[in-house]
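Colleague: Sequence and predicted structure are below.
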Amino acid sequence: MTHWHYRCPTCGSTYAIEPGRYVCDVCATSQRPDEPLRGVLECTWEGDDPALGSLPLPVEAPYFPPIPVGETPLWAPERLRAELGMPHLWLKDDTCNPSGSYKDRASWLVAAFARKFGIGEIVLASTGNAASSMACIGAAAGIRIKVYVPKAAPIAKRVQILQYGAELVEVDGTYDLAFDQSLAYSRATGMLSRNTAYNPLTIEGKKTASFEIARDLGAALASQGAASVRTDTVYRAPDHVFVPTGDGVIIAGVIRGFEDLLRLGWIEHMPTIWAAQAEGSSAIARALATGRFEAIPSSTIADSISVDIPRNGYYTLNKLRQHKGHAVVVSDADILEAQRSLARMSGLFAEPSSACAYAGFLKARAELDPQSHIVVMLTGSGLKDIRSAARGVGLEI
Ligand SMILES: *Cc1c(COP(=O)(O)O)cnc(C)c1O
């Protein structure tokens with residue numbers, strides 16, 4: 001038997017994973033306005049471990065909607081490897097998800113939870129990708145979706161939301177305002193919230209990429225050592241993982257995944273996790289240096305990582321400190337240049353927020369052992385924000 005529950009990493013309180021539960025009752029009482037969420041919960045289990053090769057998740061497999069999320073490729077970009085002199089560089093290509101972004105991993109788990117408990121509606125705030133993702137997965141699952149998105153979100157993301165049949169509320173303001181409005185709505189109506197970090201399943205759902213990375217890296221390395229013919233699954237942690245970071249939920253999920261893998265004994269060490277941020281939206285990088293979060297209005301071309309207050313700030317800061325993670329900050333010009341050079345040298349066209357991870361890797365490269373195994377997490381398709389990409393190639397649209 002395996003028993004799952006929520007646990008507060010700050011005070012240790014535990015809670016059932018059930019509708020209506022989001023944050024820790026004890027720690028959320030110290031919440032102040034204009035700061036990251038207090039009392040963010042994480043999922044954990046007691047009892048039997050999953051069999052080697054299967055995923056530990058808090059919702060049973062039959063509840064997952066019939067749409068192929070995750071299991072995205074881990075590429076070996078030969079031309080980039082040769083050009084950079086880094087023979088073990090890998091690209092984790094999450095642009096291949098159904099709605100074109102990493103967010104599908106979280107939406108999938110939240111939708112499975114909703115189906116398990118017979119919930120027919122989900123509401124959330126988003127800069128665009130979480131909303132188009134939840135709308136997509138909701139369409140596959142038969143769940144009604146209502147989203148709060150800033151009016152300025154890229155047109156492709158708004159079109160996706162409407163194509164998938166979700167209700168779109170365009171907010172005359174920033175993502176931070178959309179977050180507050182959607183939360184007020186779900187509190188007033190009792191509708192299930194998929195707000196990032198606030199719903200702990202958004203973190204948990206995002207851990208699955210770490211399992212895929214460690215499994216696929218293990219398989220790639222095992223097939224190179226031709227002498228040792230192995231039939232069992234071999235997991236292997238990379239040395240560095242670069243993650244584009246806004247609210248800090250993807251990076252927290254990635255860390256949770258590697259924590260699980262360590263707990264299970266499937267890997268032997270924690271990779272060094274790098275939070276890649278844009279200069280105009282670098283709250284987590286600043287907090288890693290100063291220990292404090294200040295709400296500074298954000299401004300960057302990378303809309304998916306543009307947040308004034310990173311909702312998962314405290315949780316992620318603690319995890320980065322615990323595992324000796326780093327942050328790297330790049331300019332919008334670096335991001336556009338990285339977007340173009342990645343597309344030209346690998347064939348992978350990623351949106352600016354994703355390209356931020358590649359730009360961060362390029363900036364940190366001098367500090368890395370060229371023989372190390374490095375994974376760059378590419379989280380969103382370049383087709384999601386054509387206006388910014390056009391700028392990068394000198395087109396006016
Ligand atoms: C949401 C998003 C991110 C950042 O994730 P956070 O959890 O907000 O840090 C990065 N890239 C893309 C494409 C995204 O949609």
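Modeller: Yep, that arrived.

Colleague: Confirm that residue 43 sits in a helix.
Modeller: No - according to DSSP: H, G, I helix; E, B strand; the rest coil, residue 43 belongs to no helix; its state is strand.

Colleague: Just give the number of residues close to it.
Modeller: 22 (other Cβ atoms under 10 Å). For the C-beta atoms, the positions are set from N, CA and C on the backbone; glycine is no exception.

Colleague: What's the local residue count around the closest residue to it other than its chain neighbours?
Modeller: Using Cβ to Cβ, 6 or more residues apart in numbering and skipping the chain neighbours, the partner closest in space to residue 43 is residue 204 (4.3 Å). Each residue near residue 204 was counted by other Cβ under 10 Å, and the total is 30.

Colleague: helix or strand for residue 159, which one?
Modeller: helix 155-163 (DSSP states H and E).

Colleague: Just give the number of residues close to the residue of the stretch 51-200 of the chain found nearest the ligand.
Modeller: Residue of the stretch 51-200 of the chain nearest the ligand, by Cβ to the nearest ligand atom: residue 129 (3.3 Å). Residue 129 has 29 neighbours, counted by other Cβ under 10 Å.

Colleague: shaky segments in the stretch 201-350 of the chain?
Modeller: Where the stretch 201-350 of the chain drops to pLDDT under 70, the residues are 225-232.

Colleague: now the helices for it?
Modeller: Remark: helices assigned in the stretch 201-350 of the chain by DSSP state H, counting those that start in this stretch are 201-205, 208-224, 249-264, 283-290, 313-322, 332-346.

Colleague: What residue in the protein comes nearest to the ligand?
Modeller: Proximity of the chain to the ligand (Cβ to the nearest ligand atom) peaks at residue 380, 2.7 Å away.

Colleague: list the contacts for that residue?
Modeller: Contacts for residue 380 were tallied using Cβ atoms under 8 Å, 6 or more residues apart in numbering; they are 94, 95, 100, 101, 102, 129, 304, 350, 351, 353, 354.

Colleague: How many neighbouring residues does the nearest residue to residue 309 once chain neighbours are set aside have?
Modeller: With Cβ to Cβ, 6+ apart as the criterion, residue 309 has its nearest non-adjacent residue at 5.2 Å, and that residue is residue 295. If you count neighbours by other Cβ under 10 Å, residue 295 ends up with 15.

Colleague: I'd like the distance between the spatially closest residue to residue 87 that is not a sequence neighbour and residue 367.
Modeller: Using Cβ to Cβ, 6+ apart and skipping residues adjacent in sequence, the residue nearest residue 87 is residue 81, 5.3 Å away. Using Cβ to Cβ, to the nearest Å, one obtains 18 Å as the distance from residue 81 to residue 367.

Colleague: hang on, the earlier thing: what count of nearby residues applies to the residue nearest to residue 87?
Modeller: 16.

Colleague: same question, residue 262
Modeller: Residue 262 has 15 nearby residues by other Cβ under 10 Å.

Colleague: Got phi/psi on the nearest residue to it once chain neighbours are set aside?
Modeller: Counting by Cβ to Cβ, 6+ apart, residue 262 lies nearest to residue 270, which is 6.3 Å off, once chain neighbours are set aside. Per-residue torsions, residue 270: phi -80, psi 130 (degrees, to the nearest 10).

Colleague: who's in contact with the most centrally placed residue in the chain?
Modeller: Nearest to the mean C-alpha position of the chain, by Cα atoms, centre = their mean, lies residue 250 at 2.2 Å. Applying Cβ under 8 Å, 6+ apart to residue 250 gives the contacts 102, 206, 243, 244, 377, 379.

Colleague: one more time with 10 Å, if that's ok
Modeller: With contact taken as Cβ atoms under 10 Å, 6 or more residues apart in numbering, residue 250 is in contact with 94, 101-103, 105-106, 196, 202-203, 206-207, 209, 243-244, 275, 304-305, 312, 316, 353, 357, 377, 379.

Colleague: ok, the helix holding residue 159 near the ligand or not?
Modeller: No - looking at helix 155-163 against the ligand by Cβ under 6 Å from any ligand atom, there are no contacts, and the closest approach is 9.1 Å.

Colleague: Okay, buried residues for stretch 347-354 please.
Modeller: 348, 349, 350, 351, 352, 353, 354 (16 or more other Cβ atoms under 10 Å).

Colleague: Close to the ligand: what parts of the stretch 51-200 of the chain are there?
Modeller: Of all the residues in the stretch 51-200 of the chain, those lying near the ligand are 101, 102, 103, 129, 196, going by Cβ under 6 Å from any ligand atom.

Colleague: any idea of the pLDDT on residue 21?
Modeller: Here, the pLDDT recorded for residue 21 equals 97.

Colleague: What of residue 165?
Modeller: 97.

Colleague: again, but for the one 5 residues further on
Modeller: Model confidence at residue 170, expressed as pLDDT, equals 96.

Colleague: so how many other residues sit close to the closest residue to it other than its chain neighbours?
Modeller: Once flanking residues are discounted, residue 170 sits nearest to residue 151: 4.6 Å by Cβ to Cβ, 6+ apart. Using other Cβ under 10 Å, residue 151 has 11 other residues around it.

Colleague: Ok, residue 187 next?
Modeller: 11.

Colleague: what's the answer for residue 264, then?
Modeller: Residue 264 has 14 neighbouring residues, counting by other Cβ under 10 Å.

Colleague: Tell me where the model's unsure across the stretch 1-150 of the chain.
Modeller: For the stretch 1-150 of the chain, counting by pLDDT under 70, not a single residue falls below.

Colleague: And the helices in it?
Modeller: With DSSP H, counting those that start in this stretch as the criterion, the stretch 1-150 of the chain has helices at 78-84, 104-116, 129-141.

Colleague: Show me the one of these that comes nearest residue 55.
Modeller: helix 104-116 (10.4 Å; Cβ to Cβ).

Colleague: List the buried residues of the closest one.
Modeller: Burial within helix 104-116, assessed by neighbour count using 16+ other Cβ under 10 Å, is assigned to 104-116.
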